[in-house]
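Colleague: below are the sequence and a predicted model; questions follow.
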Amino acid sequence: MMKQTKKISRRVFVSKSASAITGITILPSYLALGKADALGNLPPSQRINLGCLGAGGRGKKVIPQLCSDGAAKPVAFCDVDFNRAGKEVMDAFPGARKFADFRVMLDQMGDDIDAVSVVTPDHVHFVQTIEAMRRGKHVYVEKPLTHSFREASLLIQAEKRYGVITQMGNQGHTSPGARQFKQLQLAGALEDIVKIEAYKEPSLWFMDATQRINEFPKAESIPSSLNYDLWCGPAKMMPYSRRYHPFDWRAFYIYGNGMLGDWGAHIIDFAHNYLKLGLPTKVEALRMDDHNKVIFPLSSQIRMQFPKRGAGLPACEMLWRDGADAIPSLDQKYYNSDASGELVPPRLGRAGSILHRKDEQFVIHRGSHGSASRLYPRASMMDYRRALKAPSGELDHMQSFIQACMGKGKTSSPFSVGGPLTQLLMLGVIAQYLNEGFNFDRDTERITNNPVADALLEGPKPRKGWEHYYTGV
């Protein structure tokens, strides 16, 4: 909490200093007058100072989006390999200091940083996020929130304890598509959903049979620009391979969460949140093609069972498919008629979900990210035409985070929302890793009939020197 006090003091100090010398005309107008100048510069008292963890890869998009309306500005970049960082991002904010170690960044610049963006590999999300939260910083974290079930639990607890603004980076959760989904729920279209089919066709390298491996890659020379020790963070340090850095780490259980962790947060997030799915009572491993414990399956299918959760929310099953044979087959009663009267199956795309109602009058089809939902057969859409009109004109996912940091509004995927979704994904990852199913107790949050799976809820043992992050919040 002391850090939050320092942050407020910084703003108050800057504000008072500017007002005390408004007669000095050499000051820029955004400092002297306390409002944006012609270039859109805002005074420090009205701006969020960002510490950006991860300036390459996805960070090259996230950072400009966080700063798009001028209400946020990077004051520090942290990356383990600045040769991979985004040059345009670096050039756009030449005054920002650069660090390799996020802890050093926060030690040296903590008083000048209001919020932190965490756009790094999955296995370091937790330690970077909890360190920032302990220092009173608001945090934006790419999906999935963490690399293990327990890490997500700790961040859910930390959000309550530290009272900072949080947002997980499943950006579709703040979109016209999300608002449309909520309208459909209020209109009754999502009542009595008893089955959800979620799917994603292959798009990552390990889902190509010609590129499969079943053992860790051979050691290669570590690039001179890379701090590999910091890249590994709390995870086991395997001999370096370009398969890990800069992108392909997602394939390996030791560092990533596969296709389910990558796309699951974009595909099942609406249903998970608005249908109050919570955590399942049973997880089944139905299909794991080319299963091994090094990389994720070539294709996988998982079934999860959820209990009744209230009126209009009956017991429900969710079937996740990725890779081959992923796209569901719909019954012909959900087909549309073309101009000649011939029945035509709907185009379901390469990723999305189908929500099945108990009465089978129609199904709800949703894609991924912020895409809108549709009802099939199309004739059913007339009954919900007002709800299907997606409202627009509101803030996007990144800007809603920045404005919430400034005390304006709330985020749509705080850790209280993104954390349980991540926990669900991690249960699926355990089933993929073991190629086994299990029963889960929603009250105790433990796996009750598979001790090996239950132990995996804790995640991998952290490397020496990183243990203190896992002792509690």
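Modeller: Received the coordinates, thanks. Please read all numbers here as calculations on a predicted model, not as lab measurements.

Colleague: which non-adjacent residue is nearest the residue positioned nearest the centre of the chain?
Modeller: By Cα atoms, centre = their mean, the mean C-alpha position of the chain lies nearest to residue 143, the distance being 2.0 Å. Spatially, and ignoring its direct neighbours in sequence, residue 143 is nearest to residue 265 (3.9 Å; Cβ to Cβ, 6 or more residues apart in numbering). C-beta here means a position set from N, CA and C on the backbone, and glycine is covered the same way.

Colleague: so what does the one you found have for phi and psi?
Modeller: phi -70, psi -20 (degrees, to the nearest 10).

Colleague: could you give the number of residues near it?
Modeller: Applying other Cβ atoms under 10 Å, we find 29 other residues in the vicinity of residue 265.

Colleague: so where is this structure shaky, pLDDT-wise?
Modeller: Counting by pLDDT under 70, the chain contains low-confidence ranges at 1-45.

Colleague: picking that back up, for residue 457, see how far away the residue nearest to residue 143 is.
Modeller: Remark: distance between residue 265 and residue 457 (Cβ to Cβ, to the nearest Å) = 19 Å.

Colleague: before we move on, what about residue 53?
Modeller: As it turns out, when the distance is counted by Cβ to Cβ, residue 53 lies 26 Å from residue 457.

Colleague: more neighbours, these two?
Modeller: Ranked by neighbour count (other Cβ under 10 Å), residue 53 and residue 457 place residue 53 first, with 30 against 18.

Colleague: is it true that the more buried one touches residue 115?
Modeller: No: Residue 53 sits out of contact with residue 115 when judged by Cβ atoms under 8 Å, with a separation of 11.1 Å.

Colleague: tally of neighbours for residue 462?
Modeller: Taking other Cβ under 10 Å as the neighbour definition, residue 462 ends up with a count of 17.

Colleague: just give the closest residue to it, not the sequence neighbours.
Modeller: Nearest residue to residue 462, sequence neighbours excluded (Cβ to Cβ, 6+ apart): residue 234, at 4.0 Å.

Colleague: before we move on, which element is residue 285 in?
Modeller: Using DSSP states H and E, residue 285 sits in strand 282-288.

Colleague: what strands line up against the following helix or strand past that strand, and which way round?
Modeller: Counting by DSSP H and E, the next helix or strand C-terminal to strand 282-288 is strand 300-306. Using DSSP bridges, the neighbouring strands of strand 300-306 in the sheet come out as strand 282-288 (antiparallel), strand 316-322 (antiparallel).

Colleague: just name the most buried of those.
Modeller: Most buried of the strands paired with strand 300-306 by mean neighbour count (mean count of other Cβ atoms under 10 Å) is strand 316-322; its value is a mean of 23.

Colleague: contacts for it?
Modeller: 193-202, 207, 258-260, 263-264, 268, 271, 275, 277, 280, 286, 299-306, 327-328, 428 (Cβ atoms under 8 Å, 6 or more residues apart in numbering).

Colleague: buried subset of those?
Modeller: Listed as buried from those are 193, 196-202, 207, 258-260, 263-264, 268, 271, 275, 277, 280, 299-304, 306, 327-328, 428; burial here means 16 or more other Cβ atoms under 10 Å.

Colleague: can you tell me which of these end up in helices?
Modeller: Here DSSP state H is the test, and the buried ones among the contacts of strand 316-322 give 258, 259, 260, 263, 264, 271, 428 as lying in helices.

Colleague: was I right to think residue 77 contacts residue 50?
Modeller: No: look at residue 77 against residue 50 with Cβ under 8 Å: they stay out of range, at 9.2 Å.

Colleague: identify the residues contacting the strand holding residue 285?
Modeller: Counting contacts by Cβ under 8 Å, 6+ apart, the residues outside strand 282-288 that touch it are 297, 299-305, 319, 427-428, 430-432, 434-440.

Colleague: stretch 336-349 too?
Modeller: Stretch 336-349 has contacts (Cβ under 8 Å, 6+ apart) with 199, 327-328, 330, 332, 334-335, 354, 365, 367, 374, 376-378.

Colleague: go again with 7 Å.
Modeller: The set of residues that contact stretch 336-349 without belonging to it, under Cβ atoms under 7 Å, 6 or more residues apart in numbering, is 327, 328, 330, 332, 335, 365, 367, 376, 377, 378.

Colleague: which one of those has the most neighbours?
Modeller: Neighbour counts for these peak at residue 365, which has 23 neighbours (criterion: other Cβ under 10 Å).

Colleague: any idea how this structure splits into domains?
Modeller: What automatic domain parsing lists as the domains of the chain is 2-171+398-414, 176-392+423-456.

Colleague: which of the contacts of stretch 336-349 sits closest to residue 157?
Modeller: Closest to residue 157 out of the contacts of stretch 336-349 is residue 367 (33.1 Å), distances taken as Cβ to Cβ.

Colleague: what separates the closest one from residue 464, distance-wise?
Modeller: The gap separating residue 367 from residue 464 is 44 Å, by Cβ to Cβ.

Colleague: with residue 217 instead?
Modeller: If you measure residue 217 against residue 464 using Cβ to Cβ, the figure is 24 Å.

Colleague: these two - which one has more neighbours?
Modeller: Neighbours were tallied for residue 217 and for residue 464 using other Cβ under 10 Å; the higher tally belongs to residue 217 (16 against 7).

Colleague: I'd say residue 128 and residue 105 touch.
Modeller: No: the criterion here is Cβ atoms under 7 Å, and residue 128 misses it with residue 105 at 10.1 Å.

Colleague: what is the neighbour count of the residue lying closest to residue 190 once chain neighbours are set aside?
Modeller: Nearest residue to residue 190, sequence neighbours excluded (Cβ to Cβ, 6+ apart): residue 184, at 5.6 Å. As a burial measure, the neighbour count of residue 184 was computed by other Cβ under 10 Å and equals 23.

Colleague: can you give me the strands for the stretch 351-473 of the chain?
Modeller: Assigned by DSSP state E, counting those that start in this stretch, the stretch 351-473 of the chain shows strands spanning 351-357, 363-366, 373-376, 438-441, 446-447.
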